[in-house]
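**Q** return atomic coordinates for the entry below.
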Amino acid sequence: MQAFFDAASGAPLHPVARQALLAALDDGWADPGKLYTQGRRARQLLDAARAATAEILRVRPDELIFTPSGTAAARLAVEGTRKGRRRVGRTLVHSAIEHSSVLYEAGDDAVSVPVDRLGGLDLDAWRAAVSGDGVALAALISASHEVGTVQPVAEAAEACAARGVPLYVDAAQSVGRVPVPGGWSLLTASARKWGGPAGVGLLVVRKGTRWVSPYPDDGGRDTGRDLPAIVAAAAALRAVAGEQAAEAGRLAPLVDRIRSVVAATVPDVEVVGDPRARLPHLVTFSCLYVDGEALLHALDRRGFAVSSGSSCTSATLRPSHVLEAMGVLSHGNVRVSLHRGTTEDDVDRFLSELPAIVSELRAEAGALGL
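**A** Here you go, the predicted structure:
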């Protein structure tokens, strides 16, 4: 059986989500904006899903908007805040390791704040950046989606509050796994990351934040979304929130084991990210003298579904902007991210086979012993 080690891209559907999805397909297919019986029932399901999600996130239900994806939510956060604060300016301050969707929206007038070699935000540079003129919004990912380093959200939020700058937090890798500090004005997440179905993201806009929907026809609301998927996403979030502490306690030692054993058994390897301030389920390492794409294919053939800590492929030859910003090796990367179905046996088998796989690839490339 293949061991799935790519939960950072999308975790397997939680059993609770599957049950909720099947039930909602029977009872929640109508338009919740309609007044007939089926529409009212659908509205009840939508309102219940919103209330449950808001309770877990500790926000008001009317601050929460469901979106078609986490990427769509990120774009709404940036575009809507810039529109709402257009009299202040359009500058976006962001960390150098934000998700590509945020960087795409940032534009040429953005200010990128560097990170250190462990992937942690330079807080002094952040404070200086949010103090500049014309800053409409600051964006900080709660934890790196590529290396797992948890960012100092609370401290960054204090700096933003002192200058009256709203803070947007991309919490896609954190929601359902670790608590997210407060102080932010906008937050986004993606259901597929916590074991909900694909096609559901969420955007939270705190009351008092100047945000205007870029799509005035629907006000940015969610009556046209996939209601059964939203119901399933809310059910999954409730389930993983209840399991969060126990799962973090179970997965963190497995990640620690991967970090230490890989460093000890694979020559010329760099385990990246902060070993102290990190997500409990994710680890990335870089292998020198190994083609990353070839390594992923070799692992897949041996029964391990992993991702790359780099977006580099043979087609683009472009390294990950996250690893590049950290100043670490940006080729030959493997990102291992665990989930509730991961077992110790899966991890042990991976660690026992990895050194030979890397050695074989280096031999094929004529790089063995360099």
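**Q** can you show me the strands along the stretch 201-350 of the chain?
**A** Counting by DSSP state E, counting those that start in this stretch, the stretch 201-350 of the chain has these strands, from start to end: 201-205, 269-272, 282-287, 304-305, 333-337.
**Q** how about the ones you listed, which one is nearest I141?
**A** strand 282-287 (13.0 Å; C-beta to C-beta). From N, CA and C alone the C-beta is placed, and that goes for glycine too.
**Q** what comes into contact with that closest one?
**A** Strand 282-287 has contacts (C-beta atoms under 8 Å, 6 or more residues apart in numbering) with 8, 146-148, 173, 255, 258-259, 262-263, 266, 268-273, 295, 309, 323, 328-338, 358.
**Q** again, but for stretch 262-271
**A** Here stretch 262-271 makes contact (C-beta under 8 Å, 6+ apart) with 259, 283-289, 328-329, 351, 354-355, 358, 370.
**Q** by neighbours, which of those wins?
**A** Looking at the contacts of stretch 262-271 with neighbours defined as other C-beta atoms under 10 Å, the largest count falls to T284 at 30 neighbours.
**Q** measure that one to A74 for me?
**A** 22 Å (C-beta to C-beta, to the nearest Å).
**Q** just to revisit the earlier point, export the strands of the stretch 201-350 of the chain as TSV, with columns for mean pLDDT and distance to V135.
**A** As requested, the strands of the stretch 201-350 of the chain are exported to TSV (pLDDT from 0 to 100; distance: least, C-beta to C-beta, whole Å):
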stretch	mean pLDDT	distance to V135
strand 201-205	97	18
strand 269-272	95	30
strand 282-287	94	31
strand 304-305	97	41
strand 333-337	95	32
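**Q** I'd like the ones you listed as a markdown table, with distance to R60 appended.
**A** Shown next, in a markdown table, are these (distance: least, C-beta to C-beta, whole Å):
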| stretch | distance to R60 |
| --- | --- |
| strand 201-205 | 9 |
| strand 269-272 | 38 |
| strand 282-287 | 31 |
| strand 304-305 | 39 |
| strand 333-337 | 31 |
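**Q** which of those strands sits closest to E364?
**A** Closest to E364 of the strands of the stretch 201-350 of the chain, according to C-beta to C-beta: strand 282-287, at 13.5 Å.
**Q** chain center to the closest one: distance?
**A** In terms of C-alpha atoms, centre = their mean, to the nearest Å, the centre of strand 282-287 is found 17 Å from the chain centre.
**Q** strand 333-337 and that strand, what's the angle between them?
**A** Comparing the axes of strand 282-287 and strand 333-337 via axes from the mean of the first three to the mean of the last three C-alpha atoms, to 10 degrees yields an angle of 160 degrees.
**Q** narrow the contacts of strand 282-287 to those in helices?
**A** In this view, the contacts of strand 282-287 that belong to helices under DSSP state H are 255, 258-259, 262-263, 295, 323, 358.
**Q** in the stretch 51-200 of the chain, where is pLDDT below threshold?
**A** Of all residues in the stretch 51-200 of the chain, none has pLDDT under 70.
**Q** could I get the full set of helices for it?
**A** Secondary structure of the stretch 51-200 of the chain (DSSP state H, counting those that start in this stretch): helices located at 70-84, 100-106, 123-130, 153-163.
**Q** for the first one, name the packing helices and strands.
**A** Same thing as helix 70-84. strand 64-67, helix 100-106, strand 135-141, strand 167-170, strand 186-190, strand 201-205 (3 or more C-beta pairs under 8 Å, 6 or more residues apart in numbering; DSSP states H and E).
**Q** wait, which of these is closest to A239?
**A** Minimum separation from A239 across the helices and strands packed on helix 70-84 (C-beta to C-beta) falls at strand 186-190, 15.3 Å.
**Q** neighbouring strands - and their directions - for that closest one?
**A** As defined by DSSP bridges, the strand partners of strand 186-190 come to strand 167-170 (parallel), strand 201-205 (antiparallel).
**Q** now the angle from the longest one to helix 70-84?
**A** The one in question is strand 201-205. Going by the same axes, to 10 degrees, strand 201-205 makes 30 degrees with helix 70-84.
**Q** make 38 the starting number, not 1.
**A** In the new count, where the first residue is 38, that last one comes out as strand 238-242.
**Q** contacts only, for V249.
**A** 117, 120-121.
**Q** equivalent analysis for L274, please.
**A** L274 neighbours (C-beta under 8 Å, 6+ apart): 89-90, 93, 212-213, 228, 231, 233.
**Q** could you list the buried residues of stretch 268-285?
**A** 268-278, 281, 284 (16 or more other C-beta atoms under 10 Å).
**Q** kindly export that stretch (C-alpha atoms) in PDB.
**A** Output of stretch 268-285 as PDB, limited to C-alpha atoms (Å, rounded to 0.1, in the frame of the first residue of the first chain):
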ATOM      1  CA  VAL A 268     -21.500  21.300   5.200                       C
ATOM      2  CA  ALA A 269     -18.900  18.600   4.900                       C
ATOM      3  CA  ALA A 270     -16.000  21.100   5.400                       C
ATOM      4  CA  ALA A 271     -17.600  22.400   8.600                       C
ATOM      5  CA  ALA A 272     -18.200  18.900   9.900                       C
ATOM      6  CA  ALA A 273     -14.500  18.000   9.200                       C
ATOM      7  CA  LEU A 274     -13.300  21.100  10.900                       C
ATOM      8  CA  ARG A 275     -15.300  20.400  14.000                       C
ATOM      9  CA  ALA A 276     -13.900  16.800  14.100                       C
ATOM     10  CA  VAL A 277     -10.200  17.800  13.600                       C
ATOM     11  CA  ALA A 278     -10.500  20.600  16.100                       C
ATOM     12  CA  GLY A 279     -11.500  18.000  18.700                       C
ATOM     13  CA  GLU A 280      -8.500  15.800  17.600                       C
ATOM     14  CA  GLN A 281      -6.000  18.600  17.200                       C
ATOM     15  CA  ALA A 282      -4.000  18.300  20.500                       C
ATOM     16  CA  ALA A 283      -3.900  14.500  20.300                       C
ATOM     17  CA  GLU A 284      -2.900  14.400  16.700                       C
ATOM     18  CA  ALA A 285      -0.200  17.100  17.200                       C
END
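**Q** cool, thanks, talk later.
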